[in-house]
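*Asks:* my questions concern the predicted model and sequence given below.
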Amino acid sequence: MSANVSPSTSERGAVLFSILIPVYNEQAYLARVVERVLAAPLPDGVERELILVDDCSTDRTPEVVASLVARYPDKIRAFRQPKNQGKGAAIRRAIQETRGDYAIIQDADLEYNPNEYTLVLAPLLDGRADVVYGSRFATRETRKIVNYHHKLGNLFLTHLSNWTTGLDLTDMETCYKAFRVDALKSIPLRSNRFGIEPEITAKIAKRGWTVYEVPISYNGRRYSEGKKIGWKDGVSAIRTIVKYWLVDDCFYDGDPENGAAQSFERSRLLTQATVTKSVPFLGLKTLEIGAGQGEASRYLPQKERLTLADADVKNVKFLRAGYDGNAVVDVARLNFDALSNGTAPLLDFSDFTQSPESAPVPQSSPTAEYDALVAFNRVDALCFEDAKAFGRLRSLLKPNGRVVFTLPACGSESYSEREIKRRLADAGFRAEKIERFDALATLLRGRDEKTPSRRKLKIYDSLFRWTRWLDNFLPGARYLIVASPVGKLELAKR
């Protein structure tokens with residue numbers, strides 16, 4: 001596995017840490033919270049920005065916010081919601097406005113201690129984690145005794161969330177959640193109120209991110225001191241947990257700036273089923289092309305070697321952080337220029353600790369070493385439309401290796417089986433198997449529809465595991481293609 005990836009840098013040359021503070025009627029505590037946040041120690045080389053989002057407060061909070069911005073104009077940026085919507089909506093706005101490399105959510109009261117930022121940041125800065133939770137219930141030397149019924153409610157929600165996500169958290173409802181900002185901005189968030197906590201947890205679990213938990217202190221306050229969460233929010237949290245257990249709403253719909261486009265192809269269940277279909281054709285050494293942020297990677301078997309490749313340096317860094325320390329998995333940058341122009345290497349294993357503009361010296365891997373080359377998320381990374389470029393992938397395969405990928409079988413960008421065979425032959429491959437599957441998407445897809453509505457996606461995610469038998473009777477929406485390179489003599493005859 002590649003070495004740890006150093007933190008990305010802000011334009012000012014230092015790591016920028018964004019502290020997201022949703023605010024509603026906190027005139028009594030806000031100024032003291034901000035002072036503590038600004039005074040909190042941070043690791044060397046880390047700078048901070050505070051993003052305050054006033055959720056249409058009705059007390060003197062707007063005046064307090066204005067005075068804080070005037071006092072610290074280079075540290076604080078403030079925004080006001082046009083109407084009160086809830087903590088979740090305020091956090092969404094703060095995420096929108098963040099400029100940092102890493103971010104943490106900080107409540108505008110004195111329940112959480114900013115002096116523990118260094119503790120929470122540590123797994124992010126050293127490349128171990130994508131997300132870090134500060135747990136109020138993990139083991140620590142001392143703790144303040146809080147309301148038993150509140151703790152019981154939090155533990156119940158945490159266990160319910162763990163059961164649906166598979167994570168082993170001790171405190172899902174904690175405020176202190178710290179993220180890599182590029183990861184945080186790649187998931188859509190919908191909850192307006194306190195349901196934001198289980199929603200975030202469900203989505204990071206389904207995206208397969210690396211999550212750490214560290215013990216923190218907690219100074220719980222009473223309702224008389226301004227605490228706002230109540231039993232109705234607990235009921236809402238249960239609904240949110242169940243909703244995002246059933247629905248894989250993990251990608252933005254049609255917004256490439258904020259992550260992968262939402263589509264049937266991005267369904268977790270479909271991805272898992274596609275990889276399962278492909279496993280019999282894989283060997284000991286597998287290369288995934290267009291791995292993205294690892295949507296399919298986590299289902300691929302890790303035998304002798306698994307290499308994940310993507311053209312985007314951000315995705316390469318993301319994957320390396322997630323698989324750091326894994327002796328079987330390595331991550332490379334896919335060199336599109338090498339595919340198009342015939343230059344080498346196709347895979348670059350450089351340690352991308354610098355910005356993409358400062359290109360490192362390529363460190364190539366030996367060619368012709370993989371038993372299988374697979375592509376499920378970004379089939380355009382195969383350059384299937386370009387026979388010469390697609391043919392150059394042969395250099396990465398052993399003589400008896402295979403390329404396994406999917407293509408659409410219906411819609412405006414679909415292929416016919418005859419066309420697939422012709423393109424494979426032009427690139428020096430022979431089709432071993434072309435199978436249509438995913439009939440459910442065929443039934444739900446509109447004519448020439450590229451991005452289905454969110455309602456259709458919810459139906460699709462809810463029904464997929466129960467409707468696999470439809471593939472035996474109806475034509476599917478996509479092809480699973482298994483192809484092998486033809487021999488040199490046969491290729492020379494062409």
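*Replies:* Looks like it came in fine. Since the structure is predicted, the reported quantities are computational estimates derived from the model, not experimental observations. Numbering: from 1, shown residues only.
*Asks:* can you pull out the helices in the stretch 351-494 of the chain?
*Replies:* Using DSSP state H, counting those that start in this stretch, the helices assigned to the stretch 351-494 of the chain run over residues 387-391, 417-426, 439-444, 454-463, 488-493.
*Asks:* what's the offset of stretch 156-163 from the middle of its chain?
*Replies:* Using C-alpha atoms, centre = their mean, to the nearest Å, the mean C-alpha position of stretch 156-163 is found 21 Å from that of the whole chain.
*Asks:* swap that for stretch 103-117, please
*Replies:* Relative to its parent chain, stretch 103-117 has a centroid offset of 24 Å by C-alpha atoms, centre = their mean.
*Asks:* what of stretch 122-130?
*Replies:* 15 Å.
*Asks:* likewise stretch 102-119?
*Replies:* Offset of stretch 102-119 from its chain centre (C-alpha atoms, centre = their mean): 23 Å.
*Asks:* do stretch 109-129 as well
*Replies:* With C-alpha atoms, centre = their mean as the basis, stretch 109-129 stands 20 Å off its chain's centre.
*Asks:* direction included, what does the strand ranked longest in the chain pair up with?
*Replies:* Assignment by DSSP state E gives strand 397-408 as the longest strand of the chain. When pairs are called by DSSP bridges, strand 397-408 turns out to pair with strand 370-375 (parallel), strand 478-485 (antiparallel).
*Asks:* check what contacts the first one and list those residues.
*Replies:* The one in question is strand 370-375. 278, 281-290, 296, 300, 307, 381-382, 393, 396-398, 400-406 (C-beta atoms under 8 Å, 6 or more residues apart in numbering). Where you see a C-beta, it was placed from the backbone N, CA and C, and this is true even at glycine.
*Asks:* give me the residues contacting stretch 419-439.
*Replies:* 264, 270, 273-274, 277, 281, 384-385, 387-388, 390-391, 394, 402-403, 407, 409, 415, 417, 467, 470-471, 473-486, 491, 494.
*Asks:* which parts of it are buried?
*Replies:* For stretch 419-439, burial by neighbour count (16 or more other C-beta atoms under 10 Å) applies to 420-421, 423-424, 427-429, 431, 434, 436-439.
*Asks:* which of these lies closest to V15?
*Replies:* D438 (42.5 Å; C-beta to C-beta).
*Asks:* what's the distance between that closest one and L269?
*Replies:* 10 Å (C-beta to C-beta, to the nearest Å).
*Asks:* repeat for F318
*Replies:* With distances taken as C-beta to C-beta, F318 is found 22 Å from L269.
*Asks:* what do you get for L155?
*Replies:* 29 Å.
*Asks:* gap between the longest helix along the chain and the chain center?
*Replies:* Taking DSSP state H as the assignment, the helix of the chain that covers the most residues is helix 148-165. In terms of C-alpha atoms, centre = their mean, the centre of helix 148-165 is found 24 Å from the chain centre.
*Asks:* what's downstream of it, the next helix or strand?
*Replies:* Sequence order places strand 177-180 as the next helix or strand after helix 148-165, per DSSP states H and E.
*Asks:* quick one: mean pLDDT over the very next helix or strand once past that following strand.
*Replies:* The first helix or strand that comes after strand 177-180 along the chain, using DSSP H and E, is helix 181-184. The average pLDDT within helix 181-184 is 88.
*Asks:* same check, this time on stretch 70-82
*Replies:* For stretch 70-82, mean pLDDT rounds to 96.
*Asks:* endpoint to endpoint, it covers what distance?
*Replies:* End-to-end distance for stretch 70-82, by C-alpha to C-alpha, to the nearest Å: 21 Å.
*Asks:* and for stretch 410-418?
*Replies:* Taking C-alpha to C-alpha, stretch 410-418 runs 14 Å from one end to the other.
*Asks:* am I right that D324 is in a helix?
*Replies:* No - per DSSP: H, G, I helix; E, B strand; the rest coil, D324 lies outside any helix segment and is coil.
*Asks:* near the closest residue to it other than its chain neighbours, how many other residues are there?
*Replies:* Sequence neighbours aside, G127 is the residue nearest to D324 in space, at 5.4 Å (criterion: C-beta to C-beta, 6 or more residues apart in numbering). By other C-beta atoms under 10 Å, 21 other residues sit near G127.
*Asks:* need the per-residue pLDDT for Y112.
*Replies:* Here the pLDDT value assigned to Y112 is 90.
*Asks:* hmm, back to that, of the contacts of stretch 419-439, grab the buried ones for PyMOL.
*Replies:* Buried residues among the contacts of stretch 419-439 (16+ other C-beta under 10 Å), as a PyMOL selection:
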select buried, resi 264+270+273+274+277+281+384+387+390+391+394+402+403+407+409+415+470+471+476+477+478+479+480+481+482+483+484+485+486
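*Asks:* any low-confidence regions in the stretch 201-350 of the chain?
*Replies:* Scanning the stretch 201-350 of the chain for pLDDT under 70 picks out 220-231, 233-234, 252-266, 340, 342-344.
*Asks:* coming back round to it: which strands and helices sit next to the longest helix of the chain?
*Replies:* Applying 3 or more C-beta pairs under 8 Å, 6 or more residues apart in numbering; DSSP states H and E, we find helix 148-165 packed against helix 196-206, helix 231-246.
*Asks:* let me have those in CSV, extended by distance to A89 and mean neighbour count.
*Replies:* What follows is these, written out as CSV (distance: least, C-beta to C-beta, whole Å; neighbours: other C-beta atoms under 10 Å):
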stretch, distance to A89, mean neighbour count
helix 196-206, 8, 24
helix 231-246, 14, 17
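*Asks:* could I get those helices as TSV with distance to A103?
*Replies:* As requested, these are exported to TSV (distance: least, C-beta to C-beta, whole Å):
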stretch	distance to A103
helix 196-206	12
helix 231-246	21
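*Asks:* those: which one's closest to L334?
*Replies:* Closest to L334 of these is helix 196-206 (C-beta to C-beta; 24.9 Å).
*Asks:* got the angle for that closest one vs helix 231-246?
*Replies:* Using axes from the mean of the first three to the mean of the last three C-alpha atoms, to 10 degrees, the direction of helix 196-206 lies 20 degrees away from that of helix 231-246.
*Asks:* kind regards, and thank you for your time.
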